[in-house]
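Undergrad: need a 3D model of the sequence below.
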Amino acid sequence: MKRMRLFLWMFFVAVILWGRPAMAEDSTTRSQKDRTQTRFGKQAKREIHRKKRTTRAKQQRYNKRRADRDRTHSKARWSKRQLRRRLALILKKPTQTPKTRRTRPFQIKPTPAILAQTPTTSAAPKEVTAIKKPPLRPRTDASDPELDLTKVYEMVRKDNLDLKILRERMVQAELIRYKTWAILKPQVSAQGIYVRNQVEAAFSTGSSFGPLLKLFDGFPIPAETKKQLEEMANAPPTIITPIDQLIFQLQANWQFFNLRAIPILEAAYLSVDQIAESLKQARREIMFAATRAYYSVLLTDGLVDIARQTLQNAEERLQIAQARYLAGVTPSLTVTRAELDVVSAQQQLIQSETGLRNTKLALALLLNQRDMRFRPKRPAPPPDMTDGLDTWMSQAKQLREEVKAARFAVQVAEKNVTEVWLRYIPTIALATSLRVGNFRAFGTDQNATWSITLSASLNLYEGGARYAALQENESKLREARLNLAKTHRQVENEVSTSLLAVKNAQASIETARQQVVLAERSYNLTEERYKTGVATPLEVSDANNTLNSARINLLRETLSLEVATLSLKRAIGSFTFPQFKD
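TA: Sure, this is the predicted structure:
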């Protein structure tokens, strides 16, 4: 039995050992085949997915083209259907006629004789002549008080924050003079001192003269000398520094001879004048900005009136269209067109009122107000300018505040150069002091001491600081002169530009007036033809739009001419406004 088991065990081991190389070979071959199949299988899958995506994209493009084509055809069918309906409404007659075979109507070819005998207009129907013109829409600001330009100037002067800031800057500029005068005025200072010492410092004469008396005892000494020696030997000790020390000191310094102060004072006064001219320029610009804002309010206020007139005309045409439609003379499309004109006129009125509100808020900002309700009052137009360009340029160079400020800047730079040259001259100063303490000064029997000092000083060498300051101030002088020349060119350019704007506005206003006259004539003729049924609503709407544009253009050009004239005055330097006392 044991032999049988051993034989079977050896048989199984031999079989396993004999089949192992074949199994290894089979597994290697199988893995290579699997990798090959896997590689080709992935490529095949990618190709399949690519074809599917291509097919899907082609299908999507085809569906999109088909949907666009269907949509276009549906729109075309809908447009044809709507066109047929509109034509049917337009060509519809009051009485129904039986359907017959459509034939081409007989037409008479017009000749010049027939056209001469045919009237262009006819009398308006009774239902049209009985219509009364609707009233104008009331203004939303009809109850607001009027505000003229002079009142605006006064409110700007009182409430404008920029002007208040300019006043404070002027106060600060005035203080420059007082600061500069401090150079020539004496400087006085007082000082109080308290000192607590560790020990008291004192000097006693008895310790020196007591032994001396004993040394000369027995010698013949005059009685007076002996008496003096005894007094000095018995004198109390002299306190040099007490434990509690109190000192009061008063000092005064005065540079009464300082030539540098003269150009410094002159430069200070010129600087104040320069700042004053700059502040005048800023105030002028603020007032001119308020003027422009007020004219913007005038423009939008006129646009509101034009919009109200347009709305009134549109409502009148709507009443005429409704009357003609009820009489069976015109189709419903005419009423719809008139209603559309009324809605457009209402929208224009709302936009004009909103613009008026915005311009009032802009003016309120300059007046330091949150909200303002007022009706603008048209100021008198400024007089025409009659002088020539050369006269205006020379006048501008004399009157403009920025030119004056540039001239003062040049003078200040010149004084600064002079001040540097005067640094080479010595200065003479006087100094005094008074000292009072709770102890006597050494060698005296007084608690107070004073002194007077007269000194002359001259800086021989400052490390090149004076030379650098001289070069710097000379460069600033050249810069100030260049700024003056630049200011002259800018002023001349502003005068030329303002004059060109005035001439352009004068030429444009004549054209605008002619346009208004022609547009009113065209609108009146078109409206009469519309009342008689000859003109279409589209022609009336176009004539009305042309008239509105002409009126708006005339209003804008009229106000632009006045603003351009004021701008020319500002460029010349003759722009004036009421000078109120602060």
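Undergrad: ok, the closest residue to Lys280 other than its chain neighbours - contacts?
TA: In space, not counting the residues next to it along the chain, Lys280 is nearest to Glu401; the distance is 4.6 Å by CB to CB, 6 or more residues apart in numbering. Yep, even glycine has a C-beta here, placed from its N, CA and C like the rest. When the contact criterion is CB atoms under 8 Å, 6 or more residues apart in numbering, the partners of Glu401 are Glu277, Ser278, Lys280, Gln281, Arg284, Gly573.
Undergrad: Leu298: which of those is nearest?
TA: Of all those, the one with the least separation from Leu298 (CB to CB) is Arg284, at 21.0 Å.
Undergrad: if I look at the closest one, how far off is Ala468?
TA: As for Arg284, its distance to Ala468 is 39 Å (criterion: CB to CB, to the nearest Å).
Undergrad: comparing the two, which shows the higher neighbour count?
TA: Regarding Arg284 and Ala468, a neighbour count based on other CB atoms under 10 Å identifies Arg284 as having more, with 18 against 12.
Undergrad: and the strand or helix carrying that one, what does it pack against?
TA: In this assignment (DSSP states H and E), Arg284 forms part of helix 261-326. Taking 3 or more CB pairs under 8 Å, 6 or more residues apart in numbering; DSSP states H and E as the contact definition, the neighbouring helices and strands of helix 261-326 are helix 126-129, helix 149-159, helix 161-181, helix 332-366, strand 375-376, helix 401-421, helix 465-531, helix 537-572.
Undergrad: give me the angle between it and helix 161-181.
TA: Comparing the axes of helix 261-326 and helix 161-181 via axes from the mean of the first three to the mean of the last three CA atoms, to 10 degrees yields an angle of 180 degrees.
Undergrad: so how far is helix 261-326 from its chain's centroid?
TA: Here the centre of helix 261-326 is set off from its chain's centre by 16 Å, with CA atoms, centre = their mean, to the nearest Å.
Undergrad: what's the angle from it to helix 401-421?
TA: When the same axes, to 10 degrees is applied, the directions of helix 261-326 and helix 401-421 differ by 160 degrees.
Undergrad: mind listing what's buried along stretch 65-72?
TA: Applying a neighbour-count criterion of 16 or more other CB atoms under 10 Å, one finds nothing buried in stretch 65-72.
Undergrad: mind checking the pLDDT average for that stretch?
TA: If you average the pLDDT over stretch 65-72, you get 74.
Undergrad: likewise for stretch 449-459?
TA: The average pLDDT for stretch 449-459 rounds to 90.
Undergrad: kindly report the same for stretch 371-387.
TA: Stretch 371-387 shows a mean pLDDT of 86.
Undergrad: now that stretch: buried residues?
TA: So, applying 16+ other CB under 10 Å, buried residues of stretch 371-387: Phe374, Pro376, Met385.
Undergrad: ok, residues contacting it?
TA: Surrounding stretch 371-387, the residues in contact under the criterion CB under 8 Å, 6+ apart are 141-142, 144-149, 294, 297-298, 301, 360-361, 363-364, 392, 395, 502, 562, 565-566, 568-569.
Undergrad: quick one: buried ones out of those?
TA: With burial judged by 16+ other CB under 10 Å, the buried subset of the contacts of stretch 371-387 is 141, 147, 149, 294, 297-298, 301, 360, 363-364, 392, 502, 562, 565-566, 568-569.
Undergrad: which stretches of this structure have low pLDDT?
TA: 1-4, 7, 15, 18-42, 72-133, 203-221, 225-226, 228-238, 441-444, 578-582 (pLDDT under 70).
Undergrad: give the contact list for Ser451.
TA: Ser451 sits next to Thr432, Ser433 when contact means CB under 8 Å, 6+ apart.
Undergrad: quick check, it in a helix?
TA: No: counting by DSSP: H, G, I helix; E, B strand; the rest coil, Ser451 is located in no helix; its state is strand.
Undergrad: what sits opposite it in the beta ladder?
TA: For Ser451, the residues forming beta bridges with it (DSSP bridges) are Ser433.
Undergrad: mind checking how far it is from Val342?
TA: Taken as CB to CB, the span from Ser451 to Val342 is 100 Å.
Undergrad: got it, and Lys158?
TA: As defined by CB to CB, Lys158 lies at a distance of 45 Å from Val342.
Undergrad: more crowded one of the two?
TA: Set side by side, Lys158 and Val342 give different neighbour counts by other CB under 10 Å, the larger being at Val342 (17 against 13).
Undergrad: gap between Lys397 and Ile572?
TA: With distances taken as CB to CB, Lys397 is found 10 Å from Ile572.
Undergrad: and the two? Which one has more around it.
TA: For Lys397 versus Ile572, the count of surrounding residues by other CB under 10 Å is larger for Ile572: 25 against 18.
Undergrad: which ones are touching that one?
TA: Applying CB under 8 Å, 6+ apart as the definition, the contact partners of Ile572 turn out to be Trp392, Gln395, Ala396, Leu399, Arg400, Val495.
Undergrad: just Val304 next, same as before
TA: Applying CB under 8 Å, 6+ apart, one finds that Val304 lies in contact with Arg139, Leu349, Ser352, Glu353, Leu356.
Undergrad: make CSV out of those and add distance to Thr546 and neighbour count.
TA: Written out in CSV, the entries for the contacts of Val304 read as follows (distance: CB to CB, whole Å; neighbours: other CB atoms under 10 Å):
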residue, distance to Thr546, neighbour count
Arg139, 25, 15
Leu349, 19, 20
Ser352, 18, 21
Glu353, 23, 19
Leu356, 24, 23
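Undergrad: distance check, the nearest residue to Asp141 once chain neighbours are set aside against Ser433.
TA: For Asp141, the nearest residue in space outside its immediate sequence neighbours is Arg375; the separation is 5.9 Å by CB to CB, 6+ apart. Between Arg375 and Ser433 the distance is 74 Å, computed by CB to CB.
Undergrad: cool, and Val188?
TA: For Val188, the distance to Ser433 (CB to CB) stands at 11 Å.
Undergrad: give the residues shared as contacts by the two.
TA: With contacts defined as CB under 8 Å, 6+ apart, the residues adjacent to both Val188 and Ser433 are Leu250, Gln251, Ala252.
Undergrad: which parts of stretch 177-195 are buried?
TA: Residues of stretch 177-195 classed as buried: Thr180 (neighbour count, 16+ other CB under 10 Å).
Undergrad: next one: it to chain centre, how far?
TA: In this view, stretch 177-195 has its centroid 45 Å away from the chain centroid, taken as CA atoms, centre = their mean.
Undergrad: what packs against the longest strand that the chain contains?
TA: Taking DSSP state E as the criterion, the chain has its longest strand at strand 244-257. With contacts defined as 3+ CB pairs under 8 Å, 6+ apart, strand 244-257 has these neighbours: strand 187-196, strand 427-437.
Undergrad: ok, and what's touching it?
TA: 183-197, 261, 427-439.
Undergrad: go through it and flag the buried ones.
TA: Within strand 244-257, the residues that qualify as buried are Trp254, Gln255, counting by 16+ other CB under 10 Å.
Undergrad: can I get it as PDB, trimmed to CA atoms?
TA: The C-alpha coordinates for strand 244-257 follow below in PDB (Å, rounded to 0.1, in the frame of the first residue of the first chain):
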ATOM      1  CA  ASP A 244      15.900 124.100  45.400                       C
ATOM      2  CA  GLN A 245      16.900 126.300  42.500                       C
ATOM      3  CA  LEU A 246      14.300 128.600  40.800                       C
ATOM      4  CA  ILE A 247      15.200 130.500  37.600                       C
ATOM      5  CA  PHE A 248      13.200 132.800  35.400                       C
ATOM      6  CA  GLN A 249      14.800 133.800  32.100                       C
ATOM      7  CA  LEU A 250      13.600 136.400  29.500                       C
ATOM      8  CA  GLN A 251      15.300 136.700  26.100                       C
ATOM      9  CA  ALA A 252      14.800 139.000  23.100                       C
ATOM     10  CA  ASN A 253      16.500 138.700  19.600                       C
ATOM     11  CA  TRP A 254      16.100 141.200  16.800                       C
ATOM     12  CA  GLN A 255      17.800 141.200  13.400                       C
ATOM     13  CA  PHE A 256      17.300 144.800  12.700                       C
ATOM     14  CA  PHE A 257      19.700 144.800   9.700                       C
END
